[in-house]
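Engineer: Would you be able to build a 3D model of this:
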Amino acid sequence: MTSREKLYNSLVAEHQEMVINTCYRFVFNREDAEDLAQDVFVEVFRSLEQFREEAKLSTWIYRIAVTKSLDHLRRLKRKKRFSSLKRIIGITDPTEEIAAPSNENPADALAGNERAEILLEALNSLPESQRTAFLLSKQEGYSQQEIADILKTSVSAVESLVHRAKKNLHNKLYAYYSEH
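Structural biologist: You can find the predicted model right below:
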């Protein structure tokens with residue numbers, strides 16, 4: 001085994017779970033996330049010489065994972081197939097997603113499923129940059145500096161993206177619940 005292969009194997013071993021989890025949070029499908037992770041590591045292997053150490057290696061790998069995930073979502077959107085759309089928003093059959101606790105009646109469980117679906121649709125309707133910054137901040141827990149490194153932008157741009165995402169989500173959800 002060459003030293004390059006050893007380096008690649010150690011990178012995969014160290015970062016594989018993070019990459020799969022990152023991809024999953026964008027595509028909401030484990031198989032797709034695992035396939036994307038393989039693509040990420042192929043890209044890492046192919047581009048390793050170009051890594052300039054301007055950021056941490058894990059941030060660079062994470063950036064590739066986010067890019068591959070967003071590219072995947074763009075391809076799915078272009079296909080406009082119903083099954084693809086369901087995967088983008090992470091909903092298959094809402095009754096399978098959330099089981100009703102024993103102390104909850106079926107109407108309450110269905111209402112909870114509807115709320116989850118409405119939230120996911122609102123999140124998915126955000127502009128891509130806002131959705132990505134919001135997910136990285138609120139779901140992944142990255143700092144604004146880390147998000148700026150991942151998205152190759154400034155901290156103030158990240159603050160603005162997250163702020164606008166929250167405002168847009170609030171407006172979309174408020175409008176929906178005002179009508180219903």
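Engineer: quick one, strands of this structure?
Structural biologist: For the chain, strands defined by DSSP state E do not occur.
Engineer: Number of residues surrounding the closest residue to residue 1 other than its chain neighbours?
Structural biologist: In space, and not counting its chain neighbours, residue 1 is closest to residue 9: 7.9 Å by CB to CB, 6 or more residues apart in numbering. For the C-beta atoms, the positions are set from N, CA and C on the backbone; glycine is no exception. Residue 9 has 11 neighbouring residues, counting by other CB atoms under 10 Å.
Engineer: distance of residue 9 from residue 40?
Structural biologist: 15 Å (CB to CB, to the nearest Å).
Engineer: try residue 74
Structural biologist: Taking CB to CB, one finds residue 74 at 16 Å from residue 40.
Engineer: Which of those two has more residues huddled nearby?
Structural biologist: Just comparing residue 74 and residue 40: by other CB under 10 Å the higher neighbour count belongs to residue 40, 26 against 10.
Engineer: ok, now which ones touch that one?
Structural biologist: 19, 23, 61, 64, 65, 68 (CB atoms under 8 Å, 6 or more residues apart in numbering).
Engineer: Residue 164: which of those residues is nearest?
Structural biologist: If you rank these by distance to residue 164 using CB to CB, residue 65 comes first, at 23.8 Å.
Engineer: I'd like the distance between that closest one and residue 172.
Structural biologist: On the measure of CB to CB, residue 65 and residue 172 end up 27 Å apart.
Engineer: neighbour-wise, which of these two wins?
Structural biologist: Between residue 65 and residue 172, residue 65 has the larger neighbour count (other CB under 10 Å), namely 28 against 17.
Engineer: these two touch, right, the more buried one and residue 23?
Structural biologist: Yes - using CB atoms under 8 Å, residue 65 makes contact with residue 23 at a distance of 5.6 Å.
Engineer: Which residues are in contact with each of the two?
Structural biologist: Common neighbours of residue 65 and residue 23 (CB under 8 Å, 6+ apart) are 36, 37, 40.
Engineer: Those in helices, which ones?
Structural biologist: Residues of the shared contacts of residue 65 and residue 23 located in helices (DSSP state H): 36, 37, 40.
Engineer: Tell me the confidence at the residue nearest to the spatial centre of the chain?
Structural biologist: The residue lying closest to the centre of the chain (CA atoms, centre = their mean) is residue 26, at 2.5 Å. Residue 26 carries a pLDDT value of 83.
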